[in-house]
Every structure is written in C-alpha cells, then in structure tokens.
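S.K.: no sequence for this one, just the structure:
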C-alpha cells in the first residue's frame, strides 16, 4: 500500500505536537495562556526544559514533557497536548505528576521543598464525557469534602470540544483554535489572545528553517519504520503508531510495529 500523504507544516493545527511545542516555546505566549487557563497573574516564567525527558531509573518508563516551565514563585507547570482518546489518561496524569516531583527531589531537594505544581492536559476529545471545557482536580477528604489535603498539586483537563457554558467566550475561542488554527477561523474571533497566538503560528509556518526541521523529523520517523527499527514494549509501539497515523498507512504501521491492523485501525478511529 502507498504511504499516506504527509501534511505540510502550513497544514498543521496547534493540536499537532510539532507546532504546539514551537508555539509554546515562546515564554510570553506560554505565560498568557497559563494565566487564561488558571485565572491567575503570572509575572514571568522560565523554561526548565522544552520537551524535557524524565527517565528516573533504568527500569522505569521514561516520559517526555511537552512544556515544562516554572514561574517566579517556583510553581511548576507541565502542559501536554493529547490527541486521540487515552483510556488511561487519569493514571497518565498521576504518573506525570509523580515523575515531576521525583525529578525535583533527584536534584537534591527534600520532599518538604516540593514546589506547587500543575499538570495540564489539552485534549481534542472529552476525557470524562460531561461536556465541560475544563475539569480541575485537587485532593480532598472523602468524609469531609471541605477539607483539602493541600499537597499543592492540581490536575487540569481541557476539552477543545466542550459544549457547556462553563468558561468565558475567550476561553471557548482559545480551545476551538487548538483544532482550527487557520486564518479563516481567527477572522471570526474577537479574542486578542487567539490573535496573538495566531501571529506566532504564522511566523512559525513561514520560517523556512522550521519547515526543514519538520520535514527532517518526518523522514527520520519514516526511515525507522522502513528499516524495521521500532522496538520496545507494546505501549511504546502504540505511542509511536499514534504519532505516525498522519504519515503512514495502516498496513505499514502494523507491519513495522508488530501491532495488528485492527489495533492500528482502532487507534486511527480514536484519533479522529
């Protein structure tokens, strides 16, 4: 079967990992979006690392953090883009939270010094099926829900396809823009934040160096599949397959990863 046509850099939406990471590597853009999501004032942020990899011990599952930043109060923010439904999203957020904490401790800090932290997933699907644009979670006492644990951890799941009137109009437009990062959509919005984001998106799409980088990454992934280099645990193969649904056909993905065609087709349907 022939390869599926790969999308160009100009055709990407903010929901695509490459464009997402490039847009949010701008500290000011990242700061303003975090302020909007959390409804707080943030004076400044610094990048701990862009797309930081955390590999705690040899036997553990390494994770790559899309956006990993810290503000002037040393609060940590981990922002992740999630495309396609993940049945284990809640436990994934738990693992990310724990990994961020352990990474902090490994740098020589005591657990008493753990920073306040937010793990934020931007989802192109409704992770809980309630129609909300935003779901926020903190730990509290089951017997007395007015009593918070105050461990200073928060997990937030944003839904680009929410239908409830639970956020303001600018937040709705921001979430819609994630999957509709086009001039046509932006022309219909009044959000100053969306217009600023789109300016950043357009600069990236017009940058010839980034276009070469995007094409190079595509070729690397393609060669790994063609050379049969995809190894590792099934979960890792699934993650790789998800990243390349827009690049290769189902049969080729199945052949190179060891997944069945049915499994690949299921991933593709979930990613729609």
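M.R.: Nice, I can see it. The model shown is predicted, which means the values in this text are computed figures rather than measured ones. Residues are numbered from 1 along each chain as shown.
S.K.: please make it C-alpha for all contacts and neighbour counts, starting now.
M.R.: Fine.
S.K.: mind listing the helices in the stretch 1-150 of the chain by residue range?
M.R.: Ranges of helices within the stretch 1-150 of the chain are 17-23, 27-38, 89-106, based on DSSP state H, counting those that start in this stretch.
S.K.: which helices and strands does the shortest one pack with?
M.R.: So that's helix 17-23. helix 192-205 (3 or more CA pairs under 8 Å, 6 or more residues apart in numbering; DSSP states H and E).
S.K.: for the helix it packs on, buried residues please.
M.R.: 193-195, 197-198, 200-201, 204-205 (16 or more other CA atoms under 10 Å).
S.K.: name the residues that touch that helix?
M.R.: Residues from elsewhere that reach helix 192-205, judged by CA atoms under 8 Å, 6 or more residues apart in numbering: 9-10, 14, 19, 22-23, 29, 32-33, 170, 173-174, 177, 181-183, 186, 210-211.
S.K.: so for residue 46, which of the helices of the stretch 1-150 of the chain sits nearest?
M.R.: helix 27-38 (7.0 Å; CA to CA).
S.K.: about what we covered before: packed most tightly, which of the helices of the stretch 1-150 of the chain would that be?
M.R.: Highest mean neighbour count of these: helix 17-23, a mean of 19 (counted as mean count of other CA atoms under 10 Å).
S.K.: ok now it, how far from the chain's centre?
M.R.: 9 Å (CA atoms, centre = their mean, to the nearest Å).
S.K.: where exactly do the strands run in the stretch 151-272 of the chain?
M.R.: 153-159 (DSSP state E, counting those that start in this stretch).
S.K.: where in it is pLDDT low?
M.R.: In the predicted model of the stretch 151-272 of the chain, residues 220-233, 246-249, 252, 255-256, 272 satisfy pLDDT under 70.
S.K.: go again using 90 as the cut-off
M.R.: 211-272 (pLDDT under 90).
S.K.: circling back to that earlier point, reformat the helices of the stretch 1-150 of the chain as a markdown table; add distance to residue 44.
M.R.: Formatted as a markdown table, these follow (distance: least, CA to CA, whole Å):
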| stretch | distance to residue 44 |
| --- | --- |
| helix 17-23 | 17 |
| helix 27-38 | 7 |
| helix 89-106 | 20 |
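S.K.: least confident of the ones you listed, on average?
M.R.: Lowest mean pLDDT of these: helix 89-106, a mean of 84.
S.K.: what angle sits between that one and strand 153-159?
M.R.: If you take axes from the mean of the first three to the mean of the last three CA atoms, to 10 degrees, helix 89-106 sits at 140 degrees to strand 153-159.
S.K.: by contact count, what packs against helix 89-106?
M.R.: Looks like helix 89-106 contacts strand 45-54, strand 117-123 (3+ CA pairs under 8 Å, 6+ apart).
S.K.: quick check: mean pLDDT of the first one?
M.R.: When you say that, I think you mean strand 45-54. On average, strand 45-54 scores 63.
S.K.: OK, contacts around residue 182?
M.R.: Taking CA under 8 Å, 6+ apart as the test, what residue 182 contacts is 13, 198.
S.K.: same thing with residue 23?
M.R.: Counting by CA under 8 Å, 6+ apart, residue 23 has contacts 14, 29, 197, 200-201, 204.
S.K.: of those residues, which is the nearest to residue 83?
M.R.: residue 14 (10.9 Å).
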